[in-house]
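A.B. asks: what shape does this take:
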Amino acid sequence: MAVTAEGTPPDGGKIKISCRNVWKVYGDNPQAMFGDDAAATDPAGLARRLREAGHIVAACDVSFDVRAGEIFVIMGLSGSGKSTMVRCLSRLVEPTAGEILLDGRDLLTVPDKDLIDIRRHKMGMVFQNFGLLPHLNVLDNVAFPLKLQGVPLAERRARAQRVIDLVELGGREAAFPGELSGGQQQRVGIARSLAVEPELWFLDEPFSALDPLIRRQMQDEFLKLQQMLHKSIVFITHDFLEALRIADRMAIMREGAIVQIGSPAELVLHPADSYVAEFTSEVPRSRVLRAADVLDPAARPGADAPRIDGRARLQEVYPLLARHTDGIAVTGEGGKLLGAVTATSVIRGLAAGDTAAKPAA
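C.D. replies: Modelled structure (predicted):
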């Protein structure tokens with residue numbers, strides 16, 4: 001089992017949900033093989049023995065934290081266990097072993113009544129198949145989870161209208177799902193999940209069924225929503241470029257286990273093994289490197305040099321650098337000057353990234 005390399009989470013913010021040594025094993029009484037601390041002392045050996053006994057190990061000793069306001073992406077190929085994990089987090093699938101802590105409370109020990117209440121009030125879920133009710137119009141589809149909560153009619157329609165406007169579907173409230181495009185249907189699904197004002201938002205490949213252009217637009221809308229709402233998000237995808245656009249941190253899974261956790265830049269520049277390197281091999285370094293990553297230690301920006309935030313991607317730096325060949329001032333938190341970026345420092349950073357991205361043979 002590969003060693004997990006933890007990425008640096010966003011500054012500040014408490015841990016919203018914590019996954020601790022979670023297993024999901026399908027088969028005939030797999031719990032019987034979890035005695036004598038086997039899961040803690042030798043998880044790789046236990047996974048091997050489970051498979052040899054005919055069990056299917058869908059999640060193998062998975063651990064990670066998601067912080068408040070963070071977009072945490074889980075990705076991997078089909079069958080890697082990523083969708084199993086998001087269902088374990090909400091207990092739509094019951095884990096075989098481990099802990100899932102929401103605000104410090106283990107969801108695997110809460111009574112069914114409390115779990116239903118948590119799902120209805122604290123969790124929002126969006127899946128690849130939109131799951132809209134065909135006999136209800138847009139407004140009533142979005143208001144449906146509020147109806148299940150017992151929210152009065154006038155209030156639930158007002159709250160539904162707010163999120164419909166938020167996803168820019170105003171004017172289509174009376175339309176039925178069959179009258180909407182795929183992108184519009186997914187917007188309804190997103191609005192419905194937001195209507196309950198969830199603290200935690202699970203999205204399982206929500207855009208993968210959409211055409212590429214619509215998918216890109218939905219990613220933009222998703223990021224715009226997150227800038228306004230600051231949800232704690234677990235987002236599942238098999239598309240690395242999609243993960244690259246939206247993730248604060250990401251985990252890559254293989255055969256039920258997490259191979260590496262980190263920021264997109266950490267995974268691209270420092271892959272843990274050849275599996276991660278294969279995922280990231282086609283990613284242009286300018287998509288992940290930021291201005292602060294390629295500072296020129298010898299450069300001193302002039303007083304009239306343009307300024308750019310250190311978090312800006314290199315592709316945002318290029319146009320400025322083309323017009324200001326002496327360099328660009330780079331700023332950090334509170335506008336503090338960090339240094340300067342020059343053409344030489346950009347080339348040096350890109351070259352170093354190409355070298356770092358190739359794991360040793």
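A.B. asks: let me see the domain layout of this structure.
C.D. replies: Per automatic domain parsing, the domain ranges recorded for the chain read 15-283, 286-356.
A.B. asks: could you say which of those is packed most deeply?
C.D. replies: domain 15-283 (a mean of 18; mean count of other Cβ atoms under 10 Å). (Each C-beta comes from the backbone N, C-alpha and C, glycine too.)
A.B. asks: so for I308, what's the pLDDT?
C.D. replies: Per-residue confidence (pLDDT) for I308: 89.
A.B. asks: element containing it, please.
C.D. replies: strand 307-309 (DSSP states H and E).
A.B. asks: what's the least confident stretch among the domains of the chain?
C.D. replies: Mean pLDDT is lowest for domain 286-356 among the domains of the chain, at a mean of 83.
A.B. asks: got the end-to-end distance for stretch 233-242?
C.D. replies: 15 Å (Cα to Cα, to the nearest Å).
A.B. asks: ok, and what's touching it?
C.D. replies: 17, 66, 70-78, 82-83, 85-86, 89, 200-208, 215, 219, 226, 243, 246-247, 279-280, 283 (Cβ atoms under 8 Å, 6 or more residues apart in numbering).
A.B. asks: now do stretch 187-196
C.D. replies: Taking Cβ under 8 Å, 6+ apart as the rule, stretch 187-196 contacts 120-121, 123-127, 130-132, 138, 141-146, 149, 156, 159-160, 163-164, 166-169, 177, 180, 201, 206, 218, 221-222, 225, 229.
A.B. asks: dump it to CSV, restricted to CA.
C.D. replies: Output of stretch 187-196 as CSV, limited to C-alpha atoms (Å, rounded to 0.1, in the frame of the first residue of the first chain):
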residue,chain,number,x,y,z
ARG,A,187,-28.6,23.1,-12.4
VAL,A,188,-31.9,22.0,-10.9
GLY,A,189,-30.2,19.1,-9.2
ILE,A,190,-27.6,21.5,-7.7
ALA,A,191,-30.3,24.0,-6.6
ARG,A,192,-32.3,21.1,-5.0
SER,A,193,-29.2,20.1,-3.0
LEU,A,194,-28.6,23.7,-1.9
ALA,A,195,-32.2,24.3,-0.9
VAL,A,196,-31.6,22.7,2.5
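A.B. asks: contacts only, for A53.
C.D. replies: By Cβ under 8 Å, 6+ apart, the neighbours of A53 are 27, 33.
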